[in-house]
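# fold the following, please.
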Amino acid sequence: MTHSLELAGESVVFHPWGGLFWPAASTLLLSDLHLGKVMHFRKHGAAVPRAAIRRNFDRLEAIRRHFEPRTLCFLGDLFHSHINREWQLFSDWAGACTSRMQLVVGNHDVISPLRYEALGIELYDSLEAGPFTLTHHPEAAAGRFNIAGHIHPAVRLGGAGRQTLRLPCFHLKTNQLILPAFGAFTGTHALDPEPGDRFFALTGDAVVPLEAAISGTPTKSSKS
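Numbers count the residues shown, from 1 in each chain. Next up is the predicted model:
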């Protein structure tokens, strides 16, 4: 179940896998896929299931087909490290992709720009689109609304018996939105809420609006 709201005067849609769709521009924003990370860790002896590789590409194609965007914009850390066998999988997928593709370069995007350009992917340090400034690292953008990634945001939810649950989330501040990591093998960073923060937790099949209580414990909002 997706969740719609307005950012900087524009209607957007949050997807429960962490994508943001901007209908007016027919643009899908994804951040922090970290493709190649599974193979990178397996190469160094970590027992990471090979199925995690397929899951990334299955989710990527499924969300693209769901929205059918004219433009697919990656907000950095598209590929985790240097070339490995996952690059061929990505190359095959990109070759069949019918959307215009853009990459706002992140700190993990160390592969030669020539390889991305050969796949028809446009590279940017940052990108201005409508009222939005698109970056990898969160930045203050005077007079504009910043959409970024990098943080891999998550919220901690408390329950009875001191039980806690950590969920990836969209993190919304006054003039900034931080997207969750889209990759299936990325990890998360639990945030300490501040007054005025809004969180939209991802359960896998739904987007759940939350609001930050002053005490620092996120609570479910009565409004979306």
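
# in contact with the most centrally placed residue in the chain, which residues?
Ranked by distance to the mean C-alpha position of the chain (Cα atoms, centre = their mean), the top residue is S31 at 3.1 Å. Residues counted as contacts of S31 (Cβ atoms under 8 Å, 6 or more residues apart in numbering) are 18, 74-77, 136, 148-150, 179-182. From N, CA and C alone the C-beta is placed, and that goes for glycine too.

# farthest pair within these?
Greatest spatial distance in the contacts of S31: G18 and H136, 15.0 Å, computed using Cβ to Cβ.

# what is the subsequent helix or strand relative to the longest helix anywhere in the chain?
The longest helix of the chain (DSSP state H) is helix 51-67. Under the assignment DSSP states H and E, the closest C-terminal helix or strand after helix 51-67 is strand 71-74.

# strand partners of that next one, parallel vs antiparallel please.
The pairing partners recorded for strand 71-74 under DSSP bridges are strand 27-30 (parallel), strand 100-104 (parallel).

# show me the one of those that comes nearest A201.
Closest to A201 of these is strand 27-30 (Cβ to Cβ; 18.0 Å).

# chain center to that closest one, what's the gap?
Relative to its chain's centre, strand 27-30 lies at 9 Å (Cα atoms, centre = their mean, to the nearest Å).

# and that strand, what's its mean pLDDT?
For strand 27-30, mean pLDDT is 98.

# contacts for it?
18-22, 60, 63-64, 67, 69-75, 99, 129, 134, 147, 179, 182.
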